[in-house]
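**Student:** Here is my input; please provide its structure:
(one chain, ligands or ions: 1)
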Amino acid sequence: MNGTRKPIGVIGTGYVGLVTAVGFAEIGCEVYCVDIDPAKIAMLERGEVPIYEPGLEEMIAANSSRLHFSTSLDDMVAHARLLFVCVGTPPTHAGDADLSAVYAVVDAVPASADHVLVMKSTVPCGTGRTLKRVLAEQGKGSLAYVSCPEFLKEGSAIDDFLHPDRVVIGDEGGVAGDEVEALYAPLRAPIVRTDIASAEMIKLAANAFLATKISFINEIANVCEELDANVIDVAEGIGLDHRIGPKFLQAGVGYGGSCFTKDVSALKLLAANSGYHFQLLSSVIEVNELQKRRVVAKLQRHLDPLAGKRIALLGLAFKPNTDDMRGASSLVLASRLEAEGALVRTYDPIAETEALKVMPKLDCADSAQDVVVDADAVVLVTEWPEFLELDWSTVAGAMRGKLVIDGRNALDPEIIRAAGLVYEGIGRA
Ligand code: UGA
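**Tutor:** Modelled structure (predicted):
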C-alpha cells in the first residue's frame, strides 16, 4: 500500500502494541513505538520479538524501515499525532483492572492540542471520562481522547488486525475520531462510531459474551455426559441457527488466557461497584473454574486412586499458537493432580519456558513421543496441530495404561479406540 499515510505512535510494545504497530506499518504508516523496558526495545531494534505470535517476526522484519523503537516519547511526539495507548491493564488483587500503566502514560504525555490519545488497552467502562478529567487537571485538557478497543486473538493476531470484524471508535465529536476512522479505512471493516463509555463497554461485553458462550456449551456438554448425548452434534445443530452461530461453541477444559479471565471478572466487579449484581457472570466464572477441574474427576473415575499414577499432559499454553500461560487450564490441572499425588509430566511445543516461570517444578518432556512413555493416562489439554497427528498405535505401545482424555474434543475417538486405547472426551457420548 502507499507510503504517504500519516505517522502514528504506539505506547507499549506488548501483544496489542506490537501487532498494532506492525499492522499499521504494513498498511503504509511510519510507526513510532515506545516502551519503558529498555531490554525489550533493544531486542526489537535487533529484529528480535519478545513474544511468540505466528508471522509477527517476519512482518516486523518486512516493515523494519517503517518501525522505530525507543524508550523515550520525544521522537514519537515530534512525528506522530495519533498516539495509540497499548499498555497492560492486568487484574489487581481485588480483580479490578490495574490502570497504573495507563496513568503513567497520561502523566508522561505533553500538554498538546496537536495530539490524540487513542486508548487500545482494555479499560473499565468510565475510564475515558476519568482520564479526560485527570488530563484537564494536569493542564492537558486540549489533548483529544478516543477509545478504540482491540479485538485481536492471540495466535491469529495479525490476521485479526488486518481483517477485523469491526473497528469501534468512541469519541466526543471533533476531528480526532474521524482521523482514527480514516487511518483504519484501508482495512475496509465496518466502523462503529459511538461515545467513549459505550466503546469501552463494547470491548468488555464482547469478551463477557464469548466467555458466556463457552461456559454455556461446557454445561451442555456436562449434561450430555449424563444423558448420553454428543455435544459436538449439539453444537453443530444449534450453531447452524444464524441467531446463535457456530463459533465459540467448542466444549473443553474451560477458557483460559488473560483476557476472558480478567475482563469477565472486571465487568462483574465494575457492575458491583456501581450497585448492580451481574449474576450471570458469576455463573460463567464458576462454571469455568469447575470445568478446569472436571478432568481430574474423570481421571479419578478410571484410575482411582490417583496417587502414584503417571499422567501425561499434552499441551500447556492456554490455546495453540501461543506461549501464553496466563489463565491456562493446564496450571489448574497440573496442580490438582499433583495435590492428589499423581506424577505429572507435560509437553508443549512452545510454552515450556513460560510454564516453568509459573510452575518451576513442572516435569517437562522433550517431545510428545517422550511424554507418553509409561503414562497411565494421557490428557490432551491444548490442541496443538502436532498432537492431532500423533500415531496412536505408537502411543499405545509406549503407555503403561490405556486411558486418553481429550480435553478439547479435538481427537478422533475411532482412531484412538482402534489403537486399543480407552477414549473419553468432554460431553461426547
Ligand atoms: C480473546 C477474544 O477472543 C479476543 O476477541 C479479544 O481481543 C482478546 O480475548 C482480548 O481481549 O485481548 P484470546 O484470549 O486471545 O482472545 O483467545 P480466544 O481464541 O478467544 O480463546 C480464549 C480461550 O477460550 C482459550 O482458552 C480457548 O481454548 C477457549 N475456547 C475458545 C473454548 O474453550 N471454546 C471455544 O469454543 C473457543
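**Student:** Show me which residues of this protein sit near the ligand.
**Tutor:** Taking CB under 6 Å from any ligand atom as the criterion, the chain approaches the ligand at residues 122, 150-154, 207, 210, 214, 248-250, 252, 255-257, 259-260, 263, 318-319. C-betas here are computed from N, CA, C, even on glycine.
**Student:** I only care about the residues you listed that end up buried; give me the PyMOL line for that.
**Tutor:** This is the PyMOL syntax for the buried subset of these, where burial follows 16 or more other CB atoms under 10 Å:
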select buried, resi 122+150+151+152+154+207+210+214+248+249+250+252+255+256+257+259+260+263+318+319
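**Student:** show me what contacts the residue lying closest to Gly126 once chain neighbours are set aside?
**Tutor:** In space, and not counting its chain neighbours, Gly126 is closest to Ala197: 6.2 Å by CB to CB, 6 or more residues apart in numbering. Residues in contact with Ala197 (CB atoms under 8 Å, 6 or more residues apart in numbering) are 125-126, 128-129, 170.
**Student:** and the two most separated of those?
**Tutor:** The distance between the two most remote of these (CB to CB) is 11.9 Å, for Gly126 and Gly170.
**Student:** So if I had to pick from the two, which one is more boxed in?
**Tutor:** Gly170 (25 against 15; other CB atoms under 10 Å).
**Student:** how close does the more buried one get to the ligand?
**Tutor:** From Gly170 across to the ligand, the span is 16 Å (CB to the nearest ligand atom, to the nearest Å).
**Student:** show me what contacts that residue?
**Tutor:** 128, 146-148, 177, 193-200.
**Student:** Beta-bridge partners for it, please?
**Tutor:** Ser147, Thr194 (DSSP bridges).
**Student:** Excluding chain neighbours, what is closest to Ala211?
**Tutor:** Nearest one to Ala211, counting by CB to CB, 6+ apart, is Phe260 at 4.4 Å.
**Student:** would that neighbour count as being in a helix?
**Tutor:** Yes: assessed by DSSP: H, G, I helix; E, B strand; the rest coil, Phe260 belongs to a helix.
**Student:** Now that it has come up, it's in contact with Asn207, right?
**Tutor:** Yes: with contact defined as CB atoms under 8 Å, Phe260 counts as touching Asn207 (5.6 Å).
**Student:** Pull the number of nearby residues for Ser112.
**Tutor:** Ser112: 14 neighbours (other CB under 10 Å).
**Student:** Kindly report the same for Asp195.
**Tutor:** Neighbours around Asp195, by other CB under 10 Å: 16.
**Student:** Then Asn321?
**Tutor:** Residue neighbour count, defined by other CB under 10 Å, stands at 20 for Asn321.
**Student:** what about Ile405, is that helix, strand or coil?
**Tutor:** Going by three-state DSSP: Ile405 is strand.
**Student:** Provide a list of residues in contact with the residue nearest to Ala211.
**Tutor:** 207, 210-211, 214, 327.
**Student:** Look up the pLDDT of it for me, please.
**Tutor:** Note for Phe260: predicted pLDDT of 95.
**Student:** do the same with Val87
**Tutor:** pLDDT at Val87 comes out at 98.
**Student:** Same question for Arg5.
**Tutor:** With respect to pLDDT, Arg5 scores 84.
**Student:** Could you confirm it falls within a helix?
**Tutor:** No: under three-state DSSP, Arg5 sits outside any helix and is assigned coil.
**Student:** So that it lines up with my notes, have the first residue be 23 from now on.
**Tutor:** Right, with 23 as the first residue, what we last looked at is Arg27.
**Student:** Hmm, it is touching Leu205, no?
**Tutor:** Yes: at 7.4 Å, Arg27 and Leu205 qualify as touching, with contact defined as CB under 8 Å.
**Student:** Now do the shared contacts for the two.
**Tutor:** Overlap of the contact sets of Arg27 and Leu205 (by CB under 8 Å, 6+ apart) consists of Cys51.
**Student:** quick one: which of those two has more around it?
**Tutor:** The neighbour comparison of Arg27 against Leu205 (other CB under 10 Å) goes to Leu205, with 21 against 18.
**Student:** ok, now which ones touch the more buried one?
**Tutor:** Residues in contact with Leu205 (CB under 8 Å, 6+ apart) are 27-28, 30, 46, 51, 104.
**Student:** Adding distance to Ser86 as columns, could you present these in a markdown table?
**Tutor:** As requested, these are exported to a markdown table (distance: CB to CB, whole Å):
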| residue | distance to Ser86 |
| --- | --- |
| Arg27 | 17 |
| Lys28 | 20 |
| Ile30 | 16 |
| Phe46 | 14 |
| Cys51 | 14 |
| Leu104 | 21 |
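**Student:** Out of the residues you listed, flag the one nearest to Ile73.
**Tutor:** Phe46 (17.8 Å).
**Student:** other SSEs contacting the helix or strand hosting that closest one?
**Tutor:** Using DSSP states H and E, Phe46 sits in helix 37-48. The contact analysis (3 or more CB pairs under 8 Å, 6 or more residues apart in numbering; DSSP states H and E) places helix 37-48 against strand 30-33, strand 53-56, helix 78-84, strand 89-92, helix 179-184.
**Student:** Would you mind finding the most buried of the ones you listed?
**Tutor:** Counting by mean count of other CB atoms under 10 Å, strand 30-33 has the highest mean neighbour count of the helices and strands packed on helix 37-48, with a mean of 28.
**Student:** Residues touching that one, excluding its own?
**Tutor:** Contact with strand 30-33 is made by 39, 42-43, 46, 51-57, 95, 98-99, 101-109, 127, 205, as judged by CB under 8 Å, 6+ apart.
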